[in-house]
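> sequence and predicted structure are below.
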Amino acid sequence: MLRTEIRRRRVNKLFATADRLADLDEPMTDAEVEAESRLLVGSVANNDADFSR
């Protein structure tokens, strides 16, 4: 049940990030896209570390 909730939260974060990026008025640079990707991946990795104990 806990794993299901973790997975649901990850998917929600992914869609929230996609929605936020879609709402931008100007196209993002490659560097900005890379930074957003790193933030999202880092967030998921931090959540994995918190729940792996």
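Looks like it arrived, so ask away.
> could you measure from the most centrally placed residue in the chain over to residue 13?
Nearest residue to the geometric centre of the chain (C-alpha atoms, centre = their mean): residue 40, 3.3 Å. For residue 40, the distance to residue 13 (C-beta to C-beta, to the nearest Å) stands at 7 Å. Every C-beta, even on glycine, is put in place using the N, C-alpha and C of the backbone.
> any idea which element the residue nearest to the centre of the chain lies in?
helix 30-51 (DSSP states H and E).
> got the phi and psi for residue 25?
The phi and psi values for residue 25, taken as degrees, to the nearest 10, are phi -80, psi -40.
> equivalent analysis for residue 28, please.
phi -80, psi 150.
> where does this structure dip in pLDDT?
Low-confidence segments of the chain (pLDDT under 70): 44-53.
> can you do 80?
40, 42-53 (pLDDT under 80).
> residue 9: neighbouring residues, count only.
12 (other C-beta atoms under 10 Å).
> where does it land in three-state SS?
Following DSSP: H, G, I helix; E, B strand; the rest coil, residue 9 is assigned to helix.
> no more questions from me, cheers.
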